[in-house]
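Colleague: Sequence and predicted structure below; questions after.
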Amino acid sequence: QVQLVESGGGLVQAGGSLRLSCAASGGTFSSYDMGWFRQAPGKEREFVAARWSGGSILYADSVKGRFTISRDNAKNTVYLHLQMNSLKPEDTAVHSCAAKWYSRSDYNYWGQGTQVTVSV
């Protein structure tokens, strides 16, 4: 059973930095695409960044140049990180980690999310 557990959210002032981490277990993650999504109050969930199983990396235009996605492999767990720099109030949202088998079109495994709040 695939499990995704996020950590690292919090409150930060505009211009500050946070590093989110997602611990993924229970799957053969070398064949999984993984990504970060976020949802602000009253808004739809939006894509933030992804690292595909083949190594390709994608970013939403709104975070390019500010956020960096990376992945570490441990013994039985894969860690997906999101380094967020130059944070803006509009980055305030619940940020969630997601995963899918590489051939699927939609993400079908989700973490519980971690709150990121950026104050002015």
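Modeller: Right, received. Where do you want to start? All values derive from a computational prediction rather than experimental measurement.
Colleague: measure the spatially most central residue of the chain to Val5 for me?
Modeller: Central residue of the chain (Cα atoms, centre = their mean): Trp36, 2.6 Å from the mean position. Trp36 sits 14 Å away from Val5, going by Cβ to Cβ, to the nearest Å. The C-beta positions use only the backbone N, C-alpha and C, and glycine is treated the same way.
Colleague: can you list residues touching both of these two?
Modeller: Between them, Trp36 and Val5 share these contacting residues under Cβ atoms under 8 Å, 6 or more residues apart in numbering: Cys22.
Colleague: What are the buried residues along the helix or strand hosting Val48?
Modeller: Here Val48, judged by DSSP states H and E, is contained in strand 46-51. Residues 47-51 are the ones in strand 46-51 that count as buried (16 or more other Cβ atoms under 10 Å).
Colleague: repeat for stretch 21-39
Modeller: Buried residues in stretch 21-39 (16+ other Cβ under 10 Å): 21-24, 27, 29, 32-38.
Colleague: Which member of those is positioned nearest Ser105?
Modeller: Using Cβ to Cβ, Asp33 comes nearest to Ser105 of the buried residues of stretch 21-39, at 10.2 Å.
Colleague: Strands of this protein, residue ranges please.
Modeller: For the chain, the strands defined by DSSP state E cover 3-7, 10-13, 18-25, 32-39, 46-51, 57-59, 67-73, 78-84, 93-101, 109-110, 114-119.
Colleague: So what touches the shortest one?
Modeller: Judged by Cβ under 8 Å, 6+ apart, the contacts made with strand 109-110 from elsewhere in the structure are 2, 4, 27, 96-100.
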